[in-house]
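In: Give me a model of this one.
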Amino acid sequence: MSRAPISAKLVANMLSVSGADHIITMDLHASQIQGFFDIPVDNLYAEPAVLKWIKENIAEWKNCIIVSPDAGGAKRVTSIADRLNVDFALIHKERKKANEVDRMVLVGDVTDRVAILVDDMADTCGTVCHAADKLISAGATKVYAILTHGIFSGPAISRINNACFEAVVVTNTIPQEEKMKHCSKIQVIDISMILAEAIRRTHNGESVSYLFSHVPL
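Out: So this is what the prediction gives:
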């Protein structure tokens, strides 16, 4: 038993007690968190917007490979790779201490491909920058990172500036204006329309599940 705190349950209780009767959120770190709430939860996905961004901004996307920086994100990258009809790879990392990566093993072939690292969030960016170096040394031609929630705390920005990314793409679930001033590699996918459409559909009693696989026009 790890005795890890389940803080999300505390947050769920606080939101319910304060009067919320419906939650709309995006890319929960673990979808099971929905079960902590006794009120309806719509967990939206950034995936449709990510697919759209890849097709519009990476010219050679048909020769790309989608990479997960850890084994936990395998489901996320396989879903994106399937929908783009490209290959995927993952990086297995062994940790001795929290927030310190010791050894990384790449599973999959990235030689002469554009590698796109995909994850749900990036905090200090140690793992994702490590992973980018690993992909370049394994023969990838370019490396992009697409992360739903860009927290970017501590040394994150200087790490990204020093890393070999073509671009680090995040959504604006967290405001990024200040971070973008200090890092030209950060690009933002605007997800305000997805949330707005989810609110509109909920209000009118329409299907929200359409948004799981489509970007609102």
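In: quick one, helices of the protein?
Out: 7-17, 47-57, 74-84, 126-137, 156-162, 177-182, 192-203 (DSSP state H).
In: These into JSON lines, with extra columns for distance to residue 144, mean neighbour count and mean pLDDT?
Out: Placement of C-beta: from N, CA and C, glycine included. Below are the helices of the chain laid out as JSON lines (distance: least, Cβ to Cβ, whole Å; neighbours: other Cβ atoms under 10 Å; pLDDT from 0 to 100):
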{"stretch": "helix 7-17", "distance to residue 144": "29", "mean neighbour count": "13", "mean pLDDT": "94"}
{"stretch": "helix 47-57", "distance to residue 144": "8", "mean neighbour count": "18", "mean pLDDT": "97"}
{"stretch": "helix 74-84", "distance to residue 144": "12", "mean neighbour count": "16", "mean pLDDT": "96"}
{"stretch": "helix 126-137", "distance to residue 144": "9", "mean neighbour count": "21", "mean pLDDT": "95"}
{"stretch": "helix 156-162", "distance to residue 144": "12", "mean neighbour count": "17", "mean pLDDT": "97"}
{"stretch": "helix 177-182", "distance to residue 144": "16", "mean neighbour count": "12", "mean pLDDT": "97"}
{"stretch": "helix 192-203", "distance to residue 144": "21", "mean neighbour count": "15", "mean pLDDT": "97"}
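In: Among these, which comes closest to residue 119?
Out: helix 126-137 (6.6 Å; Cβ to Cβ).
In: Tell me, how many residues neighbour residue 113?
Out: 22 (other Cβ atoms under 10 Å).
In: Wait, it touches residue 66, no?
Out: No. Contact criterion Cβ atoms under 8 Å: residue 113 and residue 66 do not qualify, at 10.1 Å.
In: Quickly list what's touching both of the two.
Out: residue 87 (Cβ atoms under 8 Å, 6 or more residues apart in numbering).
In: Could you measure from the residue nearest to the spatial centre of the chain over to residue 199?
Out: The chain has residue 120 as the residue nearest its centroid, 2.6 Å off, counting by Cα atoms, centre = their mean. Noted for residue 120: a distance of 22 Å to residue 199, by Cβ to Cβ, to the nearest Å.
In: Which stretch among the helices of the chain approaches residue 209 most closely?
Out: helix 192-203 (9.4 Å).
In: quick one: contacts of the closest one?
Out: In contact with helix 192-203 (Cβ under 8 Å, 6+ apart) are residues 22, 24, 26, 42, 44, 46, 48-49, 172, 206-208, 210-211, 215-216.
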